[in-house]
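In: Pasting the sequence and the predicted model now:
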Amino acid sequence: VQLQASGGGLVQPGGSLRLSCAASTFTLDYYDVGWFRQAPGKEREWVSCISRAAGRTHYADSVKGRFTISRDIAKNTVYLQMNSLKPEDTAVYFCAAVRWCGSSWEEYDYWGQGTQVTVSS
């Protein structure tokens, strides 16, 4: 089982990035998919999750209204659109698959390798 996160980079405050999470060896349709992030010296933080049924979405308060999670079933990919980025959003972002959306990283079964997002002027 392999997940591939991509789309990170360097962006100025107020800018946007879109992260992608693609599965290469299994179908994401069978899983809820979440995004986490981890900044240097800090614990891994849950960011968002999308359910496989009805596409219900969930967001941490810190990103609500700025980030949007979505999924493209045909492409077997989940996206995280990040707008109005702030320096405090700087972190390595990970996607992960889980049976049911939750905010604890221990609940998630399969992880991607992470993509770096840096918000700086």
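Out: That came in fine, so what should we check first?
In: Could you report the pLDDT at the closest residue to G15 other than its chain neighbours?
Out: Setting aside the residues directly before and after it, G15 is nearest to L85 in space (Cβ to Cβ, 6 or more residues apart in numbering), at 5.4 Å. C-betas here are computed from N, CA, C, even on glycine. pLDDT recorded at L85 is 98.
In: Please apply the same query to G14.
Out: Here, the pLDDT recorded for G14 equals 98.
In: residues in contact with it?
Out: Going by Cβ atoms under 8 Å, 6 or more residues apart in numbering, G14 touches S84, L85.
In: can you pull up the bridge partners for R37?
Out: Note on R37: beta-bridge partners by DSSP bridges are E45, Y93.
In: Isn't it up against E45?
Out: Yes. Using Cβ atoms under 8 Å, R37 is in contact with E45, at 5.4 Å.
In: okay, and the common contacts of the two?
Out: The contact sets of R37 and E45 overlap at A91 (Cβ under 8 Å, 6+ apart).
In: More neighbours: those two, which one.
Out: Neighbour count, other Cβ atoms under 10 Å: between R37 and E45, R37 has more, with 24 against 16.
In: Quick one: distance of stretch 60-80 to the chain centre.
Out: 7 Å (Cα atoms, centre = their mean, to the nearest Å).
In: Just the endpoints, please. Distance across it?
Out: Taking Cα to Cα, to the nearest Å as the measure, stretch 60-80 stretches 13 Å from start to finish.
In: Please name the bridge partners of the closest residue to S51 other than its chain neighbours.
Out: Distance criterion Cβ to Cβ, 6+ apart; nearest residue to S51, sequence neighbours excluded, is D32 at 4.8 Å. For D32, the beta-bridge partners under DSSP bridges are V98.
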